[in-house]
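Colleague: Below: sequence and its predicted model.
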Amino acid sequence: MVSPFNLYARCIVNWETRLARRDTNRIIRPFEWGLEWLEGIDDGDSPAAAVAQYVVQALRDSERFFSYRKPSDYCLDGQHLTFTSPLASPYPCNNRVHADFFPAPSDKGRAVVVLPQWNADASSHISLCRLLNRFGLTALRMSLAYHDRRMPAELQRADYHVSANIGRTIHACRQSVMDTRACLDWLEARGYTRLAVLGTSLGSCIGFIATAHDPRVRAGVFNHVSMYFGDVVWTGLSTRHVRLGLEKAVTQDELRHYWGVISPASYMDRLIGRDLKSLLIWARYDTTFLPEYSRQVVEAFRERGLDFREFRLWCGHYTTGRFPFNILDGLAMCRFLREVL
């Protein structure tokens, strides 16, 4: 006899699979080292060795790697904020950062930069921003690199942010981290002093790295967590098509190393001694951020004595956005931020 617990798990996983199959425009792109995306690299005779050395050097001085020049062309039109990304790409539309501003009537100087998930459209997380307003928190929802209004015309999905191109994926994540910090600059200039970052899935990774390199962030909500960027791409349901492009050229261990520079695991120690409160959210039946990888993050925070709370959802990755889990998730994030900011 199958236990009710196993029946529930099977139901969630089947639901996850059905939701994942709705997208029929996934493209298996060929593997590329993408050395042209990594400045100062000397490929020599081995692209693999060149990328590995680039990552070692970037990790040795990540403060420099994620440093940037503050934008000087912020423009707020109604609720729509734009500015030039501190890190240029070959795509002009991607180099214009877009963010939506949701000021709360009485925010007490509290503001949250909201970073949606991979392939989020322009409407994603708008309801969450309005919910944050109801909790007295101002929200600034930023579009990640190559997403919605920043997407090049030849794309249907944000493939240039996460793909089988090693260098371009590093560059895109680096750009999104810098853009996030530039959003913090803009909020600070408007008088917001109690700042937080809230990121979901890919946005969680970007938000974590930005938080680790920006001491102005007093609270971080990381909605779906994993230690290594490469592990998620290699094992996740939503990135199977990316793995098909990668696995002909690299192993999971190699990918973990190449993408170590865009992985939260590399920056855990930067949180030690910080006045930072974090909320780690993970899903018991996640098919994209596998639970074993999420538990590693929780354990890493615990081992370092970091100030954090854990919230576990009894659903999967895709189903987090479905009732009732979306309500539970949103309320947990908003309540946490209202309390700690």
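Modeller: Here it is on my side, so go on.
Colleague: Need the per-residue pLDDT for residue 110.
Modeller: According to the prediction, residue 110 has pLDDT 98.
Colleague: Now it. Its backbone dihedrals?
Modeller: phi -100, psi 130 (degrees, to the nearest 10).
Colleague: Quickly list what it is bridged to.
Modeller: Counting by DSSP bridges, residue 110 is bridged to residue 194.
Colleague: How about the contacts made by it?
Modeller: Residue 110 is in contact with 104, 136, 137, 138, 192, 194, 196, 337, 341, counting by C-beta atoms under 8 Å, 6 or more residues apart in numbering. C-betas here are computed from N, CA, C, even on glycine.
Colleague: Let's see if you can find the most crowded of these.
Modeller: With neighbours taken as other C-beta atoms under 10 Å, the top of the contacts of residue 110 is residue 196, carrying 31 neighbours.
Colleague: Skip the chain neighbours and tell me the closest residue to that residue.
Modeller: Nearest residue to residue 196, sequence neighbours excluded (C-beta to C-beta, 6 or more residues apart in numbering): residue 219, at 4.0 Å.
Colleague: ok so that neighbour is a strand residue?
Modeller: Yes: the assignment for residue 219 (DSSP: H, G, I helix; E, B strand; the rest coil) places it in a strand.
Colleague: So that it lines up with my notes, have the first residue be 51 from now on.
Modeller: Got it, the first residue is 51 from now on, which makes the last one we talked about residue 269.
Colleague: Identify the bridge partners of it.
Modeller: residue 246, residue 327.
Colleague: That one: how many residues sit nearby?
Modeller: Residues near residue 269, counting by other C-beta under 10 Å: 23.
Colleague: again, but for residue 194
Modeller: 28.
Colleague: That one against residue 208, yeah?
Modeller: Yes: Residue 194 is within contact range of residue 208, at 7.2 Å (criterion: C-beta atoms under 8 Å).
Colleague: Mutual contacts of the two, please.
Modeller: Common neighbours of residue 194 and residue 208, using C-beta under 8 Å, 6+ apart, are residue 168.
Colleague: Angles on the backbone of residue 262, please.
Modeller: Per degrees, to the nearest 10, the backbone of residue 262 is at phi -60, psi -20.
Colleague: since we're on residue 112, how many residues are nearby?
Modeller: Residue 112 has 16 neighbours, counted by other C-beta under 10 Å.
Colleague: per-residue pLDDT, it?
Modeller: pLDDT, read off for residue 112, is 98.
Colleague: same check, this time on residue 55
Modeller: pLDDT, residue 55: 59.
Colleague: before we move on, what about residue 203?
Modeller: At residue 203, the model reports a pLDDT of 95.
Colleague: List the residues that contact it.
Modeller: Contacts of residue 203 were listed using C-beta under 8 Å, 6+ apart, and they are residue 143.
Colleague: if we can go back for a sec, of the contacts of residue 160, which belong to strands?
Modeller: Of the contacts of residue 160, the ones assigned to strands by DSSP state E are 188, 244, 246.
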